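Engineer: I'd like to go over a predicted model; first the sequence, then the structure.
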Amino acid sequence: MAILGIDLGEKRVGLAISRSGLLAERYTLLEFPQNIIKEPAAFEDLVTRLRAILRREKIDLLVVGLPLLADGSSSVFAKKIRTLAQKLKFLLGVEIVFENEAYSSGQGISDDESARLILEQYLNSRREQ
């Protein structure tokens, strides 16, 4: 079962992969000239690129980073991410789970590294259950 971790941004989307369900590694960084949340053409480009990756890597699950506030509540951006992810779930036909990304971002961390941290956190939490 291959899993794709996603750090969704407005113009950059970091991706990480776990082919074994044990280890997460950086996969790639997708960049867009327009905002994927606001511009339908940019969102369609995202769907096309993700569809190709899902097919090529035989992805069974997407783990999407959710930027929650310190108290665990949803930020305005988190609500946008949830909406975007639900559209991806429908269009790509793949299961999606959310993982708190509050501790995955920081200065100097690339978006694909952030995606790796999100995916690693998900994998670790699954092992602990």
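Structural biologist: Nice, I can see it. Numbering: from 1, shown residues only.
Engineer: quick check, S20 in a helix?
Structural biologist: No. Assigned with DSSP: H, G, I helix; E, B strand; the rest coil, S20 falls outside any helix and is coil.
Engineer: residues contacting it?
Structural biologist: By Cβ atoms under 8 Å, 6 or more residues apart in numbering, the contact set of S20 is empty. Backbone N, C-alpha and C define where each C-beta goes, glycine included.
Engineer: list the buried residues for the helix or strand hosting L84?
Structural biologist: Here L84 is covered by helix 76-92, with elements defined by DSSP states H and E. When neighbours are counted by 16 or more other Cβ atoms under 10 Å, the buried residues of helix 76-92 are found to be A78, K80, I81, L84, A85, L88, L92.
Engineer: assign I96 to helix, strand or coil.
Structural biologist: Per three-state DSSP, I96 ends up strand.
Engineer: what bridges to it?
Structural biologist: L62 (DSSP bridges).
Engineer: how deep is it tucked in, by neighbour count?
Structural biologist: 17 (other Cβ atoms under 10 Å).
Engineer: swap in K11?
Structural biologist: 15.
Engineer: the nearest residue to it once chain neighbours are set aside: what's it in contact with?
Structural biologist: Leaving aside its chain neighbours, K11 sits nearest to F32 (5.1 Å; criterion: Cβ to Cβ, 6 or more residues apart in numbering). Counting by Cβ under 8 Å, 6+ apart, F32 touches K11, R12, V13, A42, D45, L46.
Engineer: farthest-apart pair in the buried residues of helix 76-92, please.
Structural biologist: Spatially, the most separated pair among the buried residues of helix 76-92 is A78 and L92, at 20.3 Å (Cβ to Cβ).
Engineer: ok, so of the buried residues of helix 76-92, who is nearest I109?
Structural biologist: I81 (17.7 Å).
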